[in-house]
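**Student:** The sequence isn't on hand, but the structure is:
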């Protein structure tokens, strides 16, 4: 078989994935669903993946989308935003406490309600840091799909449920109707400077292995230019929409190669652990909004135990403060990265070796069809 054949298969799979993501996003948007483009694309691709379709997004395309979304996130930065950062430390400190409580509560639930062993419960309870969680799960020979299903289902439910919940309580702002800027030489010049600077910082952040480097680096470059007033343009609306659809496809495709039977085996653990994490997060949201002068919707998304890239895109789509949300999710990501790495190895050191029959995580359910 020629090398063009596998490449053609990859392109066809990607085309199908994007078509399904765009269709889901367009349907949710047409129904007036808040953040419909990102929520609908995630849900549509996840359903297609569970139905057996080969949902996939090439890494190169995903990386470009991360940079584009970072540029969009940074475009909302204003000088007032930069001065407001000084009021965030207390909220971030409470967020770190919330993350530890969510990990402890969710791990306890998985262990004692669903019979998971200590290490699987710990990794299944991690609020974010999915790549590290899956790497540790593989390193210790754990049930990868069980942990992945619990983690990914939480992101899916947050992506669909958060916009709906915020809209139900009147906290999701409708999108502002702003005419697109005229395409002039000055506009194109500023746009070229914006894309070049943001891309350069994105590549630098990825090179130094900064967490979420492509998105956060682009956000930093775009945020500096907009926050200082040097640049006033942003990406065209169709580029923004394409970036959101691609990010939705990336999130939804995490359900690829998972049969409905396997998914249903762990649905109870996924829903239950999600409920525990949300209850704990809600308690902290009430504390923060009672003590600090932040918008409720900003705090809700900032404290949600979802993937940092998805939550930041949701903040952008819901017209919240993505810089506030991003700072909190970055702080949580750094904490979880350290805690999970240390705790997983400590717990693994207390377990019997993998060949021992008593070490079979998780003890309920199986991946075998």
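**Tutor:** Cool, the structure landed. All values reported here derive from a predicted model rather than from experimental measurement. Numbers count the residues shown, from 1 in each chain.
**Student:** ok, residue 288 touching residue 93?
**Tutor:** No. In this structure, residue 288 is not within contact of residue 93 by CB atoms under 8 Å, at 10.3 Å. C-beta coordinates here come from the backbone N, C-alpha and C atoms, glycine included.
**Student:** Comparing those two, which residue is more hemmed in?
**Tutor:** Using other CB atoms under 10 Å, the more surrounded residue of residue 288 and residue 93 is residue 288, with 21 against 11.
**Student:** Can you tell me the element that one falls in?
**Tutor:** helix 267-291 (DSSP states H and E).
**Student:** pLDDT value on the nearest residue to residue 233 once chain neighbours are set aside, please?
**Tutor:** The shortest distance from residue 233 to any non-neighbouring residue, by CB to CB, 6 or more residues apart in numbering, is to residue 190 (4.5 Å). Note for residue 190: predicted pLDDT of 87.
**Student:** what residues are up against residue 88?
**Tutor:** Residue 88 makes contact with 324, 327-328 under the criterion CB atoms under 8 Å, 6 or more residues apart in numbering.
**Student:** Pick out whichever of these sits closest to residue 34.
**Tutor:** Using CB to CB, residue 324 comes nearest to residue 34 of the contacts of residue 88, at 18.2 Å.
**Student:** Surely that closest one and residue 294 touch.
**Tutor:** Yes. If you go by CB under 8 Å, residue 324 and residue 294 touch, sitting 7.4 Å apart.
**Student:** Pick out whichever of those two has more residues nearby.
**Tutor:** Neighbours per residue (other CB under 10 Å) separate residue 324 from residue 294, with residue 324 holding more: 23 against 18.
**Student:** ok, the closest residue to residue 62 other than its chain neighbours - how many residues close by?
**Tutor:** Spatial nearest neighbour of residue 62, excluding adjacent residues (CB to CB, 6+ apart): residue 250 at 5.1 Å. As a burial measure, residue 250 scores 25 neighbours (other CB under 10 Å).
**Student:** One more: the one 5 residues further on?
**Tutor:** Applying other CB under 10 Å, we find 22 other residues in the vicinity of residue 255.
**Student:** Hmm, it is touching residue 49, no?
**Tutor:** Yes. Between residue 255 and residue 49 there is a contact at 3.9 Å, judged by CB under 8 Å.
**Student:** Could you tell me which residues touch both of the two?
**Tutor:** Shared contacts of residue 255 and residue 49 (CB under 8 Å, 6+ apart): residue 55.
**Student:** For the residue nearest to residue 271 when sequence neighbours are not counted, which three-state class applies?
**Tutor:** Of all residues not flanking residue 271 in the chain, residue 153 sits nearest, at 7.5 Å (CB to CB, 6+ apart). What DSSP: H, G, I helix; E, B strand; the rest coil gives for residue 153 is helix.
**Student:** quick one: residue 153 from residue 170, how far?
**Tutor:** Counting by CB to CB, to the nearest Å, the gap from residue 153 to residue 170 is 27 Å.
**Student:** higher neighbour count, the two?
**Tutor:** Set side by side, residue 153 and residue 170 show more neighbours around residue 153, with 21 against 8, by other CB under 10 Å.
**Student:** now the helix or strand encompassing residue 262: mean pLDDT?
**Tutor:** Following DSSP H and E, one finds residue 262 within helix 260-265. Mean pLDDT, helix 260-265: 82.
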